[in-house]
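Undergrad: Here is a sequence together with a model predicted from it:
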Amino acid sequence: MIERVEILGVKVDAVTMAQAVERVIKLIGEKNPSIVATANAEMLLRATHDDELKNILNAANLVVPDGAGTVWAARHLGKFMPERVAGFDLVQELMKIAPARDIKFFLFGSAPGIADKAKLKAETLYPGIKIVGTRNGYFKAEDEPEIISKIKNSRADILLAALGVPKQEKWLAKYKDELKIPVSIGVGGTFDVMAGVVKRAPLWMQRARLEWLFRAMLQPSRAGRLIALPKFVLKVHKQKIG
Ligand code: UDP
């Protein structure tokens, strides 16, 4: 049995990367469409004042501990959290095993051209992988029926949605039953990194739990978002002391 750790009102699964991959494979085989979320500190903080997001996360079939902040929070609360499961890494692990298991992906989101570049990258890295469709993430409400039928008709097993938090979670929750894709995952900036337009922090920085700092340095427009981290730490500490 995998434990769920409640962090600021959101239940996060205490899974390793291997267990997360195993769970996604299992969800593909189930009848009802599933949602997988990758919870980092910023998302968990947002959920404290966004009930719609909070409810979506608590209803999700799997919430992985994305980010050093989430792992820290669980442990600070005295709970077991085996390791960090970054959304980007989870996608790579799933793509790695996809050809052998005939798992098909649809890449939805990011600026025009980015999902196509991510597709090419995946095809180079994981020969034989089936990316059965792409669609950029900039659209109007009236474009949605066309997007929904494109995704639905692709018959993908996994829909990766990169629209940013909380847009991707809300969009997936709203349309999952219509889309009928077995597993949908909100993956934030994953296609940007795969396409090579945004760099991932070097391994030493990831290991030093400084990926957030690297991102802020690389995209100064995101620096304002750093304020979320001390806020998150304070709120988790408040939760701990009661
Ligand atoms: N994005 C999108 N449609 C939108 C807003 C954002 O497709 O209406 C994309 C954006 O181009 C980027 C991703 O969503 O590729 C969000 O990346 P970010 O790293 O900001 O993710 P977050 O930290 O919000 O999960």
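TA: Thanks, I have it.
Undergrad: If I look at residue 31, what pLDDT would I see?
TA: Looking at residue 31, its pLDDT reads 87.
Undergrad: Show the backbone phi and psi for it.
TA: Phi and psi for residue 31, reported as degrees, to the nearest 10, are phi -70, psi -40.
Undergrad: Count the neighbours of it for me.
TA: Applying other CB atoms under 10 Å, we find 6 other residues in the vicinity of residue 31. Just so you know, the C-beta spots here come from the backbone N, C-alpha and C atoms, and that holds for glycine as well.
Undergrad: Would you enumerate the residues in contact with it?
TA: If you count contacts by CB atoms under 8 Å, 6 or more residues apart in numbering, residue 31 has none.
Undergrad: gap between it and residue 177?
TA: 12 Å (CB to CB, to the nearest Å).
Undergrad: Ok, residue 56 next?
TA: Taking CB to CB, one finds residue 56 at 13 Å from residue 177.
Undergrad: between these two, which one's more packed in?
TA: The neighbour count for residue 56 versus residue 177, taken as other CB under 10 Å, is higher for residue 56 (22 against 9).
Undergrad: Hmm, that one is touching residue 39, no?
TA: No: using CB atoms under 8 Å, residue 56 is not in contact with residue 39, being 11.2 Å away.
Undergrad: For the closest residue to residue 139 other than its chain neighbours, give me its contacts.
TA: Distances taken as CB to CB, 6 or more residues apart in numbering put residue 147 closest to residue 139, at 6.2 Å, once the chain neighbours are dropped. Counting by CB under 8 Å, 6+ apart, residue 147 makes contact with 108, 135, 139.
Undergrad: again, only using 10 Å
TA: 108, 135, 136, 137, 139, 171, 175, 179 (CB atoms under 10 Å, 6 or more residues apart in numbering).
Undergrad: Is it within a helix or a strand, and which one?
TA: Secondary-structure element containing residue 147, defined by DSSP states H and E: helix 144-154.
Undergrad: can you tell if that helix touches the ligand?
TA: No: between helix 144-154 and the ligand, judged by CB under 6 Å from any ligand atom, nothing touches; the nearest distance is 11.5 Å.
Undergrad: Give me the next element, helix or strand, following that helix.
TA: As assigned by DSSP H and E, the chain's next helix or strand after helix 144-154 is strand 158-162.
Undergrad: Quick check: residue 90 touching residue 24?
TA: Yes: Residue 90 is within contact range of residue 24, at 7.8 Å (criterion: CB atoms under 10 Å).
Undergrad: and residue 236, what does it touch?
TA: So residue 236 contacts 7, 8, 41, 44, 45, 69, 70, 72, 73, 74, 76, 77 (CB under 10 Å, 6+ apart).
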